[in-house]
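A.B. asks: coords please:
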Amino acid sequence: MAEPPKLLSGRVAVVTGAGEGIGKAIALAFASHGAAVVVAEIRAETGKRTASEIAASGGRALAVPTDVREPDAVAGAVRAAEREFGGLDVLVNNVGGTFARPFLEIEERGWDAILRTNLKSVFHGTKLAAPAIAARGGGAILNVVSIEGVRAAPAFAPYAACKAAVINFTCTMAVELAPQRIRVNALAPDVCATEGVLRQVPEAALRRQARRVPLGRIAEPAEIAGPAVFLASDLASYVTGVTLHVDGGTHAAGGWWRDDAGAWVLGPGPEPGGVPPDAAPVAKDRDRR
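C.D. replies: The predicted structure is shown next:
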């Protein structure tokens, strides 16, 4: 059988937070489809490992230590793409993170820290990458958000607010950047079986979480990366301003889940409390996926 076409052949991508988890899965998938990838990761050694893994598979990658909260660092990643690979076609704003805290207990500095990581980082990435993408005749920007951006998220108010803001920002940028032939879309996962989640969330909590998902399991990182490849490729040439829920049907279910008898139930999760509070911050931390 003929080898399937490489959907991103000749493209250059910057993927933030690509040292582990969803970011790494997206970087690997992009490279497997022919893209050169700048691994923009705050943890230098972790980023180097991802780049080395891509190189070992015959791909092209460069690790650039990048704190996306700092515009100069993001500008450096964009310059690296232009210097090493000749330009930039795709940006993936993947970095994010949070902690669990009831709203009335959150201090302003904690709120600001979450906004810098989850919202201002997207501002930096989009602002600095869009001119480079436009210079190549257009391309794609992909924002990794969360199901929490479209539902209540007790104990995660600032995180959910940021993700909701990025969903709206995605729509606005899709309109504003359309004349530059830049498509802007978002991916909204739920809990994903990343390295950080598997290290720190108890197995029983993950089983409870899986029962809330219509497909009956939590996501694998590669299952988020596949739709990312689609949205970055010409297969999605007429798709912009969309938030794609890659969550096994959790958003569609709206709180419905199946009990032990297989009956559909609307209401509390399979066990009181669902994912325990000590696990939730890890499960929702998009910088440590």
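A.B. asks: Just the C-alphas of the helix or strand containing residue 13, formatted as PDB.
C.D. replies: Under the criterion of DSSP states H and E, residue 13 resides in strand 12-16. Output of strand 12-16 as PDB, limited to C-alpha atoms (Å, rounded to 0.1, in the frame of the first residue of the first chain):
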ATOM      1  CA  VAL A  12       7.000  25.100   9.900                       C
ATOM      2  CA  ALA A  13       5.300  25.000  13.300                       C
ATOM      3  CA  VAL A  14       6.000  26.500  16.800                       C
ATOM      4  CA  VAL A  15       4.300  24.300  19.500                       C
ATOM      5  CA  THR A  16       4.400  25.700  23.000                       C
END
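A.B. asks: neighbouring contacts of the longest helix along the chain?
C.D. replies: Ranked by residue count under DSSP state H, the longest helix found in the chain is helix 157-176. Around helix 157-176, the neighbours that count as contacts under Cβ atoms under 8 Å, 6 or more residues apart in numbering are 93, 96, 98, 103, 106, 110-111, 114-115, 118-119, 122, 126, 141, 143, 145-146, 148-153, 182-186, 188, 240-243, 284. Bear in mind the C-beta positions are built from the backbone N, C-alpha and C, glycine included.
A.B. asks: Give me the residues contacting the strand holding residue 13.
C.D. replies: Residues from elsewhere that reach strand 12-16 (Cβ under 8 Å, 6+ apart): 23, 26-27, 30, 35-41, 66, 68, 77-78, 81, 85-95, 121, 125, 129, 232.
A.B. asks: Identify the residue nearest the residue positioned nearest the centre of the chain in space, chain neighbours excluded?
C.D. replies: Using Cα atoms, centre = their mean, the residue of the chain that lies closest to the mean C-alpha position is residue 144, 3.0 Å off. In space, not counting the residues next to it along the chain, residue 144 is nearest to residue 94; the distance is 4.4 Å by Cβ to Cβ, 6 or more residues apart in numbering.
A.B. asks: looking at it, the one you found is touching residue 17, isn't it?
C.D. replies: Yes. Counting by Cβ atoms under 8 Å, residue 94 does reach residue 17; the two are 4.4 Å apart.
A.B. asks: Report the contact partners of residue 261.
C.D. replies: With Cβ under 8 Å, 6+ apart, residue 261 has no contacts at all.
A.B. asks: three-state assignment of it?
C.D. replies: coil (DSSP: H, G, I helix; E, B strand; the rest coil).
A.B. asks: Chain neighbours aside, what residue packs nearest to residue 69?
C.D. replies: Residue 69 sits nearest to residue 116 (Cβ to Cβ, 6+ apart), 4.7 Å away.
A.B. asks: Return the distance of the closest residue to residue 136 other than its chain neighbours relative to residue 240.
C.D. replies: Nearest non-adjacent residue to residue 136, counting by Cβ to Cβ, 6+ apart: residue 87, 4.6 Å away. As judged by Cβ to Cβ, to the nearest Å, residue 87 and residue 240 stand 20 Å apart.
A.B. asks: Those two: which has the busier surroundings?
C.D. replies: More crowded of residue 87 and residue 240, by other Cβ atoms under 10 Å: residue 240, with 21 against 17.
A.B. asks: Toward the C-terminus, what is the element adjacent to whichever strand or helix holds residue 225?
C.D. replies: Taking DSSP H and E as the definition, residue 225 sits inside helix 221-232. Downstream of helix 221-232, the first helix or strand assigned by DSSP H and E is strand 243-246.
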